[in-house]
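> Quick one, fold the following:
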Amino acid sequence: MNITKLLADLQAQHDETAARAGELSHKIAQLTAALTETEARLADLATARKVIAELAPAAGSESEPPETNTAYQAIVNAFNQHPDQQFRTRELHELVDLPTNEASVNVTRARLGRLLRQGFLTQPGRGRY
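Numbers count the residues shown, from 1 in each chain. Okay, the predicted model is just below:
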């Protein structure tokens, strides 16, 4: 084999390998930048989650457990089904088939008050919704 040809082949391989190394260095730089951005986003999301988790108990104290949300839905549905009718709390209990004992009626009064404050209901007269 000719030394000149061998040196030319080695130079060609060197040039190809150097070009490949340049491409890989460029890709590494791009991936490093993308990784830095992604890690920053992860840190932001972790911070947001932490802040929301710290605030959630305060906000969650006003929310009702899931079974209570069903009672809220039943109350709202009753008003939606009878849009022109006014109800007293006990009448509403009978309509949606809720217990009519005094404790249950008082809980519903509180629920109606919340719905009233949130703008879902109106109160045309005392004790009427």
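> hmm, which helix or strand of the chain has the shakiest average pLDDT?
In the chain, no helix or strand scores lower on mean pLDDT, DSSP states H and E than helix 66-81, which sits at a mean of 74.
> what sits up against the helix or strand just after that one?
Next helix or strand after helix 66-81 toward the C-terminus (DSSP states H and E): helix 89-95. Under the contact criterion CB atoms under 8 Å, 6 or more residues apart in numbering, helix 89-95 has outside partners 75, 78, 82, 87, 98-100, 104-105, 108-109, 112, 127, 129. In short, each C-beta sits where N, CA and C put it, glycine included.
> Quick check on those residues: which are buried?
Among those, those classed as buried by neighbour count (16 or more other CB atoms under 10 Å) are 75, 78, 87, 98, 105, 108, 112, 129.
> Would you mark the buried spots in the least confident helix or strand of the chain?
71, 72, 75, 78, 79.
> sorry, back to before: tell me the one of the contacts of helix 89-95 nearest residue 37?
residue 75 (48.3 Å; CB to CB).
> ok, now which ones touch that closest one?
92, 96, 108, 111, 112, 115.
> Tabulate those residues (JSON lines), appending pLDDT.
Listed next are the contacts of residue 75 as JSON lines, based on pLDDT from 0 to 100:
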{"residue": "92", "pLDDT": "86"}
{"residue": "96", "pLDDT": "83"}
{"residue": "108", "pLDDT": "85"}
{"residue": "111", "pLDDT": "84"}
{"residue": "112", "pLDDT": "87"}
{"residue": "115", "pLDDT": "82"}
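> Closest to residue 22 out of the residues you listed?
For the contacts of residue 75, the nearest to residue 22 is residue 115 (67.5 Å; CB to CB).
> Residue 96: how many residues sit nearby?
16 (other CB atoms under 10 Å).
> ditto for residue 120
A count of nearby residues for residue 120, using other CB under 10 Å, gives 15.
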